[in-house]
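> for reference, the sequence and a predicted model appear below.
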Amino acid sequence: MSALVLDGKALAQKTEQELSARVAKLKESSGGQTPILATILVGDDPASATYVKMKGNACRRIGMDSLQVEMPASTTTEQLLAKIEELNSNPNVHGILLQHPVPSQINERACFDAIRLDKDVDGVTCLGFGRMAMDEKAYGCATPKGIMRLLEAYDIELAGKHAVVVGRSPILGKPMAAMLLNANATVTTCHSHTRDLADHVRRADILVGAVGRPEFIKADWVADGAVVVDAGYHSGGIGDIELAPLLDRVAAYTPVPGGVGPMTINTLIYQAVDSGERKIG
Ligand code: NAP
């Protein structure tokens, strides 16, 4: 069997063309106003700095602006909350991204939750999560929402399928499980206390690996014909799932790199454009 490649890079590029056209139209109809995504980077973690830079570059590629806020590693929760409040009240800011993780002295959850719902284009607030889980309007958490957009673009059927999500983090596994449930999949969420993980994985029609450990999910746990989504990315270009032996026996898979990763940033700017259109348009 030749598996379908769920090409996140190609879908992200195609979507960027559509987003560029939408931003250009918005500028034209509003006397030059541009959607603006504010990004907040706290501290000097090089990986986080790279992610923030990539997000700013993605904004510029589609004609949006980004307002890049950098704060020192010694920032307190109160200082970060004050900055978020300033961005919440700035009418020219249409979306706010707080780069995770923040330094350990900061109450990250309190800071995420301070982001105003209509500017939560990265989908990190408890309120946004709750609304999404209830199938009410809210921006989805960027990585799982990007996975849902990718599955939809490739017409992967979810209704009635058994989806197994390995991982339950607030930014990935939990919202992923809720989104799949809303799409009428039957969902099993696995985590570090799950017994007989391999048996759960074996029963997956749709498998999402979101563990954060290189090739932790073994190929021989995965059923023939499954749809395999790997959110992980580790040095050496491998993900959380042992993918190479699966390529000729699964129905579809996300490549690593080039699958889930590009869809995360793409979903952030997709939702930021939507927010800009609502406020400017
Ligand atoms: P995380 O916060 O570290 O969460 C990892 C999850 O895996 C936890 O829920 C944990 O369970 C579970 N886990 C750990 N050991 C396990 C085990 N032995 N058996 C079963 N489950 C186990 O990670 P994350 O932020 O969700 O990220 C997950 C992966 O996605 C990482 O590889 C990360 O790099 C990647 N990621 C990619 C993007 C992207 O844009 N492509 C974005 C975000 C994350 P407990 O809850 O019980 O501890």
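Yes, it's here.

> OK, contacts around residue 51?
Counting by Cβ atoms under 8 Å, 6 or more residues apart in numbering, residue 51 touches residue 99. Quick note: C-beta positions are derived from backbone N, CA and C, even for glycine.

> SS state for it?
helix (DSSP: H, G, I helix; E, B strand; the rest coil).

> quick check: it vs residue 191, distance?
Residue 51 sits 25 Å away from residue 191, going by Cβ to Cβ, to the nearest Å.

> again, but for residue 252
From residue 252 over to residue 191 the distance is 25 Å, taken as Cβ to Cβ.

> same deal with residue 276?
Distance of residue 276 to residue 191, given as Cβ to Cβ: 36 Å.

> compare those two (neighbour count), which wins?
Ranked by neighbour count (other Cβ atoms under 10 Å), residue 276 and residue 191 place residue 276 first, with 27 against 14.

> skipping adjacent residues, who's closest to the more buried one in space?
residue 35 (2.5 Å; Cβ to Cβ, 6 or more residues apart in numbering).

> what sits against the one you found?
Contact partners of residue 35, counting by Cβ under 8 Å, 6+ apart, are 23, 26, 64-65, 94-95, 272-273, 275-277, 280.

> do residue 8 as well
Contacts of residue 8 by Cβ under 8 Å, 6+ apart are 146, 150, 254-255, 258-263, 266.

> next: residue 172.
By Cβ under 8 Å, 6+ apart, residue 172 lies in contact with 141, 143-144, 210, 231.

> residue 37 too?
Contacts of residue 37 were listed using Cβ under 8 Å, 6+ apart, and they are 55, 59, 64-67, 93-97, 121, 268-269, 272.

> assumed it was part of a strand.
Yes: under three-state DSSP, residue 37 falls within a strand.

> any idea what it is bridged to?
Taking DSSP bridges as the rule, residue 37 bridges to residue 66, residue 95.

> quick one: it from the ligand, how far?
16 Å (Cβ to the nearest ligand atom, to the nearest Å).

> give me the pLDDT value at that residue.
On pLDDT, residue 37 comes in at 98.

> show the pLDDT at residue 2.
Confidence score, pLDDT, at residue 2: 86.

> next one: residue 259
We have a pLDDT of 98 for residue 259.

> mind listing what residue 171 touches?
Residues in contact with residue 171, defined by Cβ under 8 Å, 6+ apart, are 100, 124, 141, 143.

> near the ligand, which residues of the stretch 1-150 of the chain?
Within reach of the ligand by Cβ under 6 Å from any ligand atom, the stretch 1-150 of the chain has these residues: residue 143.
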